[in-house]
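**Student:** here is a sequence with its predicted model. Questions after.
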Amino acid sequence: MTKQLRNLLIAGLAIVLAVACSKPSTPTLGGTPIVLGYSNWAGWWPWAIAVEEKLFEKNGVNVEMKWFDGYVQSMETFAAGKIDGNSQTLNDTISFLPGENGGEVVVLVNDNSAGNDQIIADASITSIAELKGKTVAVEEGVVDDYLLSLALKDVGLSREDVVIKGMPTDQAATAFAAGQVDAVGAFPPYTGTAMQREGARVIASSKEYPGAIPDLLTVSGDLIKERPDDVQKIVKTWWDVRDFMEKNPEKSEAIMAKRAGIPTEEYEQYKDGTRFFSIDENLEAFSEGEGMQYMPFASESMAEFMVSVGFIPETPDMSNLFDSSFIKKVADS
């Protein structure tokens, strides 16, 4: 054997041994990736922690979190069956029923909006009643249009009493900040944009409507049927995220702020307006009862209201809208 050949054999053996002894940085996950959508809302920013800290991998589930710059785009993509699940509010989920791929099913409550959804007006407008005849920029038919409709109803007005200028929420906030409209319906981080207008004030928020805007994880009925164990692992991962947030607040806020595209210090102003749900609050939300804290009751109430204001033509079939089995297993464990 020549010296050159011997050296080549020794080098090859060294490579084989190095590969054999090395450990993969993350476990190999089987199956097609489950694609879940999320967008720019404070209650959904924590999913970025699951990505950054590899918490899905820790639980042995192959998940791709797909970020959407537009909230409506995320819902349309899910309703068309192009992703396996999405982060959306209860009223908006009702709007998009039944959806493709076995329907849309709620498996987790992330949070309730507790003030972060806002109707913001210029300095000359001090109340919802004073919006009559004014121009309001809002993303039509979705969450803050719903909040606007609730607030108008409380003062004896309707959407017909204001001039609705429909546009995506980010554009709506920019238009208001530039003085192009009298008021805007928005959520973080776009409320921050709107408040840059001199004299801008909040005249209504989700704080006055507890339980009206639950923020959820919805998945397709087909995913539950075909991969129930993976859905369980996804729900489990959310609680690992919440545990990480409790133990590592500064790192968590940095990850979420980066995902939201805002300075870390700006995140502080949104914390109180997002009330994250505990496991017990999830169990209550999935239960039967009278009151907006119970989603089966809330969904019927929302659907009735949404039909009355023309958001949807009729109440959809909601008999399979909620699946509490996954949160119950987390609670039992």
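**Tutor:** Received, thanks.
**Student:** show me the shaky parts of the stretch 51-200 of the chain.
**Tutor:** Under the criterion pLDDT under 70, no range of the stretch 51-200 of the chain is flagged.
**Student:** what about the strands in it?
**Tutor:** Taking DSSP state E, counting those that start in this stretch as the criterion, the stretch 51-200 of the chain carries its strands at 63-67, 85-89, 104-113, 118-121, 135-138, 163-166, 183-186.
**Student:** go through the ones you listed and name the closest to Glu198.
**Tutor:** strand 118-121 (12.5 Å; CB to CB). (C-beta placed from N, C-alpha, C; glycine too.)
**Student:** I'd like to know how far Gly310 sits from Val106.
**Tutor:** As judged by CB to CB, to the nearest Å, Gly310 and Val106 stand 24 Å apart.
**Student:** which of the two has more neighbours?
**Tutor:** Between Gly310 and Val106, counting by other CB atoms under 10 Å, Val106 is the more crowded of the two (24 against 12).
**Student:** now that one: how far from Pro168?
**Tutor:** Counting by CB to CB, the gap from Val106 to Pro168 is 25 Å.
**Student:** and stretch 281-301, which residues are buried?
**Tutor:** For stretch 281-301, a neighbour-count test (16 or more other CB atoms under 10 Å) marks 282-286, 292-299, 301 as buried.
**Student:** rebuild those residues as TSV, extending it with secondary structure.
**Tutor:** What follows is the buried residues of stretch 281-301, written out as TSV (DSSP: H, G, I helix; E, B strand; the rest coil):
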residue	secondary structure
Asn282	helix
Leu283	helix
Glu284	helix
Ala285	helix
Phe286	coil
Met292	coil
Gln293	coil
Tyr294	coil
Met295	helix
Pro296	helix
Phe297	helix
Ala298	helix
Ser299	helix
Ser301	helix
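**Student:** just to revisit the earlier point, could you say which of the strands of the stretch 51-200 of the chain is packed most deeply?
**Tutor:** Mean neighbour count, computed with mean count of other CB atoms under 10 Å, is highest for strand 183-186 among the strands of the stretch 51-200 of the chain, reaching a mean of 30.
**Student:** other SSEs contacting that strand?
**Tutor:** The helices and strands touching strand 183-186, judged by 3 or more CB pairs under 8 Å, 6 or more residues apart in numbering; DSSP states H and E, are strand 118-121, strand 135-138, helix 143-154, helix 169-177, helix 190-194.
**Student:** each with direction, which strands does it pair with?
**Tutor:** strand 118-121 (antiparallel), strand 135-138 (parallel) (DSSP bridges).
**Student:** to Ile213, which of those strands lies closest?
**Tutor:** With CB to CB as the criterion, Ile213 lies closest to strand 118-121 of the strands paired with strand 183-186, at 11.3 Å.
**Student:** CA atoms only for that closest one, dumped as PDB, please.
**Tutor:** The C-alpha coordinates for strand 118-121 follow below in PDB (Å, rounded to 0.1, in the frame of the first residue of the first chain):
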ATOM      1  CA  GLN A 118     -59.200  50.200  19.800                       C
ATOM      2  CA  ILE A 119     -61.300  52.800  18.100                       C
ATOM      3  CA  ILE A 120     -59.100  55.900  17.900                       C
ATOM      4  CA  ALA A 121     -60.400  59.300  16.900                       C
END
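**Student:** list of residues touching it?
**Tutor:** Here strand 118-121 makes contact (CB atoms under 8 Å, 6 or more residues apart in numbering) with 128, 130-131, 134, 136, 144, 147-148, 151, 176, 182-187, 191, 194-195, 200-206.
**Student:** go again with 6 Å.
**Tutor:** With contacts defined as CB atoms under 6 Å, 6 or more residues apart in numbering, strand 118-121 is touched by Leu148, Ala183, Val184, Gly185, Thr191, Ala194, Ala200, Val202, Ile203, Ala204, Ser205.
**Student:** between those, which is nearest Tyr71?
**Tutor:** The closest of those, once distances to Tyr71 are taken by CB to CB, is Gly185, at 12.4 Å.
**Student:** what is the neighbour count of the nearest residue to the closest one once chain neighbours are set aside?
**Tutor:** Excluding its sequence neighbours, the residue lying closest to Gly185 (CB to CB, 6 or more residues apart in numbering) is Asp144, at 3.2 Å. Applying other CB under 10 Å, we find 29 residues neighbouring Asp144.
**Student:** separation between Asp144 and Pro168?
**Tutor:** According to CB to CB, Asp144 stands 11 Å off from Pro168.
**Student:** which residues of the stretch 201-333 of the chain fall in strands?
**Tutor:** Using DSSP E, counting those that start in this stretch, the strands of the stretch 201-333 of the chain run over residues 201-205, 214-220, 274-276.
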